[in-house]
Every structure is written in C-alpha cells, then in structure tokens.
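>>> What shape does this take:
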Amino acid sequence: MNRNLFKMPNDIFGGKLSAGEIKVLAALHSLRSKSIYRGQKYIKVNQATIARICGFSSARTVSSAIAKLSLYGYIRAIRRYYADYHKLDAYVYTLPVMRKNYFFVDRKIFKHKLTSAQFRMYLFFCKAANPSKRCWNSFNDIANALGIKRTVVVKTVKELISMKLIRKYRIKKSDGSFSDNHYKVIPLKYTYKFRRKRKRPCRSLLRQGLNICYKLAYASSLTSVKQTVAFVKRKSRKNLFFVTRGSPFFCSTYDSTHFYTNRKKNRIRLYLKYRCNLTLYY
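Here you go, the predicted model:
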C-alpha cells in the first residue's frame, strides 16, 4: 500500500457533517502518529496547525468543527496536559483505527489549497472510484448523496476538472445516446523545487564564530555555578544557624545570553532555591 494514502470513513457524507467539518476530520486522519494502541490512534497537534493545513483563517472554525466531530463519535476523546508548570500543551485527539468501511485519499491533496466544498467533492469521487480510479455518477446522484443542489454540483465538478484533479469522459451507448458522465481521479504527483544555496558573506561567518564563543563562555559559566554552589554548601555546614533559620542566602546573578530559553534559566533558579537554599536576585 502506498504510504502517502490515509483512510477516511464511508459515512461522512449524507448531510450530517458540513464541508468544513469533513475537511478538519481529513486533516486529523492525514497526520502520521507513532502512538497506536488497542485500535486507538493518538494525535498531538495544535488547533492553529490544523487551521493552517485546512486553509482556515481562524482556529475557532477548527474548535467548533472538532466539537461537532466529537459529538458524532468521529473523535473518541480530547485531552490536554500541562507542558511545563502552568503552561498548557497541545491537544491530544483519540481517533479510531478503521478496519472496514473506509476509502483511501492521497495526503498531497492538501497542497492544492482546495475550498471546503471542492475538498468534499474530491473525497466523494475518491469514495465512488473503483480500483482503476474510475466512477460514473450523474449530477443528481451526487447532489442526493451530498445533500446539496444540482447547480452547486455542476459548478464544483467544473472547478475540479479545470484544476486537473479529475478527468471527465462521455461514453456513447449502442443506440447513439450518451450515458452518465464517467470520471477518473488523476493520481497526484509531488513537485519539487530545487534552490541554490546562497553564499554567506564573511560578516555572517564572523558572527557565527562569535556565537560559538558566546556559547562556550556560557557553558563555562554553568560549570562555575555548580562549583560556587558546592563551595557555599561546604562553608554553610560550619554555621548551621544561617542554614536552618532566617532568610536564605543570596548570591549574584549570572548573565545569560540569548541562546538559552527562559525555561532553562528557570530550572537553574528553582534548583538553587529549593535544593541549595540559595536565592538569585536581579
């Protein structure tokens, strides 16, 4: 099986889900996950990332669509954990692993930036196509299956044909009349763009060397912090009054560069405060 394909359930059509909700569900199923346990697929992703994949301007659209999908059972559970201290991490969605009643869709379809209506129509052709990627459905059949008007079907099909995502055929019968329209889902291909690497000027190389020097200096300052803490602990053992009672010791701060995040500096501060009974002042 092609690894660029993902599964979609057959019962997404019929009118209970809107075109935007179907697109959000397809974006969730298209994401790869290493956590699959007992028929459950766990995906950790931000709602802003889903909105960017679907081409939505706001994450609120994704939030309302996920609530509707969870109501109908397409999403089993939604959890959110704390990443660090009081900061919430991304949502973790639990999706069922489909064993039957599904069809395949190519992941590369999200690169074509389709609208929600065009995306739903493309999914219908993927579902109706046989193993040779061909299907034959009249406009009335498609309109009844999707719960939309016939004029909307005709317009959307023309747009997909102009984008070269499907191909339309007209088959003539033995009596001279034409049968229902025949369509073929065109296989999608990757388009790679190779760019030449720009030569870096001497000034950028000099800055890169200075950055390495700053990193080495900060690494040496971290080792000096450990040595200072060990020295203060040895000296504090002689005078237990200042260790057990009163305010904790104070030591001067260590200037950090912009290469380290506030999380690492916060870890050092908490380590000095609770493990070493030291307090950094700024």
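
>>> my read: residue 154 touches residue 138, true?
No - assessed by CB atoms under 8 Å, residue 154 is found out of contact with residue 138, at 10.9 Å. All C-beta atoms are positioned from the backbone trio N, CA, C, and that covers glycine.

>>> how far away is residue 103 from residue 127?
Distance, residue 103 to residue 127, using CB to CB, to the nearest Å: 4 Å.

>>> Find residues that contact each of these two.
Residues touching both residue 103 and residue 127 by CB atoms under 8 Å, 6 or more residues apart in numbering: 8, 10.

>>> which residues are contacting the helix or strand harbouring residue 25?
Secondary structure assignment for residue 25, by DSSP states H and E: helix 19-30. The contact list for helix 19-30 (CB under 8 Å, 6+ apart) reads 6-8, 12, 17, 43, 45, 50, 53-54, 56, 61-62, 65-66, 68-69, 74-75, 93, 95, 105, 107, 110, 115-117, 119-120, 123.

>>> and the gap between the residue lying closest to residue 63 once chain neighbours are set aside and residue 272?
Sequence neighbours aside, residue 47 is the residue nearest to residue 63 in space, at 6.0 Å (criterion: CB to CB, 6 or more residues apart in numbering). For residue 47, the distance to residue 272 equals 37 Å [CB to CB].

>>> so where's the protein uncertain?
Regions of the chain meeting the criterion pLDDT under 70 cover residues 1, 85, 173-180, 190-261, 275-282.

>>> all helices for it, in order.
19-30, 47-54, 59-72, 116-128, 139-146, 150-162, 202-236, 240-244, 262-270 (DSSP state H).

>>> tell me the angle of the first one relative to helix 139-146?
Spelled out, it's helix 19-30. Here the directions of helix 19-30 and helix 139-146 differ by 70 degrees (axes from the mean of the first three to the mean of the last three CA atoms, to 10 degrees).

>>> How about the fourth one?
Counting by the same axes, to 10 degrees, helix 116-128 points 100 degrees away from the direction of helix 139-146.

>>> Other residues contacting helix 116-128?
With CB under 8 Å, 6+ apart, helix 116-128 has contacts from 8, 10, 12-13, 18-20, 22-23, 26, 54, 103-105, 109, 114, 135, 137, 142, 145-146, 152-153, 156-157, 159-160, 163, 165-166, 183, 185.

>>> hmm, try it at 6 Å
Helix 116-128 is contacted from outside by 19-20, 22-23, 103, 105, 135, 137, 156, 159, 166, 183, 185, using CB atoms under 6 Å, 6 or more residues apart in numbering.

>>> Distance to residue 86 added to those residues, as JSON lines?
Output for the contacts of helix 116-128, formatted as JSON lines (distance: CB to CB, whole Å):
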{"residue": "19", "distance to residue 86": "38"}
{"residue": "20", "distance to residue 86": "33"}
{"residue": "22", "distance to residue 86": "36"}
{"residue": "23", "distance to residue 86": "33"}
{"residue": "103", "distance to residue 86": "43"}
{"residue": "105", "distance to residue 86": "39"}
{"residue": "135", "distance to residue 86": "53"}
{"residue": "137", "distance to residue 86": "54"}
{"residue": "156", "distance to residue 86": "47"}
{"residue": "159", "distance to residue 86": "47"}
{"residue": "166", "distance to residue 86": "50"}
{"residue": "183", "distance to residue 86": "53"}
{"residue": "185", "distance to residue 86": "49"}
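
>>> Report the buried members of these.
Among those, the ones that count as buried by 16 or more other CB atoms under 10 Å are 19, 20, 22, 23, 103, 105, 135, 137, 156, 166, 183, 185.

>>> ok, the residue lying closest to residue 84 once chain neighbours are set aside - how many residues close by?
Spatial nearest neighbour of residue 84, excluding adjacent residues (CB to CB, 6+ apart): residue 263 at 6.3 Å. Per other CB atoms under 10 Å, the neighbour tally for residue 263 reads 11.
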